[in-house]
Each structure stands twice: as C-alpha cells, then as structure tokens.
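Peer 1: With the sequence up front, the predicted model follows.
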Amino acid sequence: MRFINPKTDYAFKKIFGSEQSHDILISFLNAMLYEGNDTIIEIEILNPHLTPRIRGYKDTYLDIKATISDRDRQNSTVIIEMQVLNVEGFEKRILYNAAKTYTNQLAIGDEYSDLQPVIALTIADFEMFPELDQLISRFILKEKTYLTDYPIYDIELVFIELPKFQKQLVELETLADKWLYFLKTARKLESVPPSMESVPEIKQAFAIANQANLSSEEIDELEHQEIFIQDQRNVVKKALNQGIELGIEQGIEQGKLETQLAIAQQLLDVLDDAAISRTTGLSIEQIARLRSL
C-alpha cells in the first residue's frame, strides 16, 4: 500500500475534516488536547468542504473548524491548522484567527456570558520554540509579573512541533504518540503497523489515506501540493544560502579593509601617500582621511 502525505492541506483536511472523519477527529483532539482521555463526546465540523485548488500562499496552511462538547457539557470551538511552512506573520495570524472566531460568536444583543472557549491547535512542521524542550506548548492569558491566570481563559493557543517528535515505532506508548507517528511517517509506510491498527480511528485514517482509494484527480492535486511545498522550501533554502555567502564575502572584505587601514596607520610617519597607496592598495583619498584623524 501507498499512503498520501497527511501534512499536505488537501490530505490533512480529507483525513481529519470531512464528514466521515468525526470519530477520527475526536480521537485526534482527545489525544492532543486531553492526554488521550475521552473528554470530547460530540463534534460538529463547521467547514467540511475540501479546499479548492488555489496556488500560492494559502497552500501553505489550512484550517478545520469544529465545535466540541465535553463531558462537562461545555461547548468549545477548535481551529486546527497543519502548517508546513514558516511564513512571515504566521504567529500573528494564529492569534488573529482565534480572536476573530471568539468575537464572531456574538450577534447584536447577545450577552458576553454567551461566549464559549476557543482553542487554536496548530501542528507545525518546523520548530517554533527552540528554547523549549517540550513537544506540545499551550498558551493562555496570564498576569505579566506574577504569572497568575486571567479569570477567564477562553482563548488557548496550542502548538505541536513535529520535528521534536523523534519516537520510533517500537517506542510508541500513548495515543498522541501514534497520531504523531501517523502524521510524520504515513507517507513512507507500506502497510499499517499492527500496534496502530489496534486503534480503530487510526486504522480508519490509514484507509482514507490509502492512495488506492483516491481518484486520479485527487492524486494529481496532492502531487501538485507536494511540489509546491518543496519549491517553497527550496526558495527559502536558496535565499538563506545566498545570504550566508554574501555575509561571508562582506566579512572578508571588511576584514581586508581593516588590515589595510592598520598597515597604513603604521606607515604614515615612514612613507608618503603614494608609497602607502602602492603598499596597501588603499586610495590616496583614504590615506588622506587617515592623516586627518
């Protein structure tokens, strides 16, 4: 068997955000947000339609929006994003989307007490917080000096950094481990590992991700998205390499100039300007400025 890459926007939304994915998404969210406990008992996917073929910036992320009901009969809205490229403004967009989702709950005349919590869950295919050694980071409002929680923490930002997940198949223990392993390695697997097949929702996710169950148009779309992502990563890599090369060249030139100036400074009382220029390679104007200091 060959499986599609769950980290591309079309595949991620097909697996986790389609109408047949309710049990899959409940299992995934319970694993990521509630340590594998059966906290979520019901879910409604608010945008179940797959993303249309749009080239450009929007191909770097997607969102699935859902309302969840937990065992305390509290309703929350969850925004789930799979972010494959670290683009400028990404952190601000996460906060903006969460705040907008929170405020959009109220219509004219509604009470503020009607507002329900919003959780923004972001799975990042890159490191966001290298200073933290934890895989999952959760942010809520706190008092700046004493770090006391704000009385109402209705907006929570949760980040999962996939590069920090390094467990191998034999090391998988929790439900979260198995879901993260699915996200990172499904594209490379040729069969469903027995330890993961024992989880019905993960088994179902593999079935949806099975390339044999997709149409030629869907496979074509997925291939285009994989190419787009790789192209964007190569653009960033090339720009970074060019920046490093330019910095090295500038550093060499700066070091050379400093050496020339130091030699010229020692020769000011020994040679005339023309001789110093021939010896160091500096211009007559540069040497004249040295004499005037």
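Peer 2: Okay, I see it.
Peer 1: Which SSE is immediately downstream of the helix or strand hosting Ala176?
Peer 2: Assigned by DSSP states H and E, Ala176 belongs to helix 175-185. Going down the chain from helix 175-185, the next helix or strand is helix 194-197, by DSSP H and E.
Peer 1: and the next element down the chain from that next one?
Peer 2: Defined by DSSP H and E, the subsequent element after helix 194-197 is helix 200-209.
Peer 1: Look up how far Lys14 lies from Ala124.
Peer 2: 20 Å (C-beta to C-beta, to the nearest Å). (C-beta placed from N, C-alpha, C; glycine too.)
Peer 1: and if you look at Ile123?
Peer 2: In terms of C-beta to C-beta, Ile123 sits 15 Å off from Lys14.
Peer 1: repeat for Gly109
Peer 2: From Gly109 to Lys14 the distance is 39 Å (C-beta to C-beta).
Peer 1: pLDDT below threshold where in the stretch 51-200 of the chain?
Peer 2: For the stretch 51-200 of the chain, the stretches flagged by pLDDT under 70 are 51-63, 70-73.
Peer 1: quick one, strands of it?
Peer 2: In the stretch 51-200 of the chain, the segments counted as strands under DSSP state E, counting those that start in this stretch are 63-70, 75-83, 118-124, 136-139, 155-161.
Peer 1: now those as JSON lines including distance to Ser283?
Peer 2: Below are the strands of the stretch 51-200 of the chain laid out as JSON lines (distance: least, C-beta to C-beta, whole Å):
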{"stretch": "strand 63-70", "distance to Ser283": "59"}
{"stretch": "strand 75-83", "distance to Ser283": "52"}
{"stretch": "strand 118-124", "distance to Ser283": "52"}
{"stretch": "strand 136-139", "distance to Ser283": "55"}
{"stretch": "strand 155-161", "distance to Ser283": "52"}
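Peer 1: Now render these as TSV, adding distance to Gln260 and mean neighbour count.
Peer 2: Below are those laid out as TSV (distance: least, C-beta to C-beta, whole Å; neighbours: other C-beta atoms under 10 Å):
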stretch	distance to Gln260	mean neighbour count
strand 63-70	57	19
strand 75-83	48	21
strand 118-124	47	23
strand 136-139	50	15
strand 155-161	47	20
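Peer 1: related to what we said a few turns ago, what about Gly109 and Lys14, which has more around it?
Peer 2: The residue with more neighbours, out of Gly109 and Lys14, is Lys14; 21 against 5, by other C-beta atoms under 10 Å.
Peer 1: just checking, that one is part of a helix?
Peer 2: Yes: using DSSP: H, G, I helix; E, B strand; the rest coil, the assignment for Lys14 is a helix.
Peer 1: Can you name the residues that contact the residue lying closest to Pro163 once chain neighbours are set aside?
Peer 2: Excluding the flanking residues, the one nearest Pro163 by C-beta to C-beta, 6 or more residues apart in numbering is Glu127, at 5.3 Å. By C-beta atoms under 8 Å, 6 or more residues apart in numbering, the contact set of Glu127 is Glu161, Pro163, Lys164.
Peer 1: Isn't the second one up against Met128?
Peer 2: No: taking C-beta atoms under 8 Å as the definition, Pro163 is not a contact partner of Met128, at 9.7 Å.
Peer 1: quick one: which of those two has more around it?
Peer 2: The neighbour count for Pro163 versus Met128, taken as other C-beta under 10 Å, is higher for Met128 (18 against 13).
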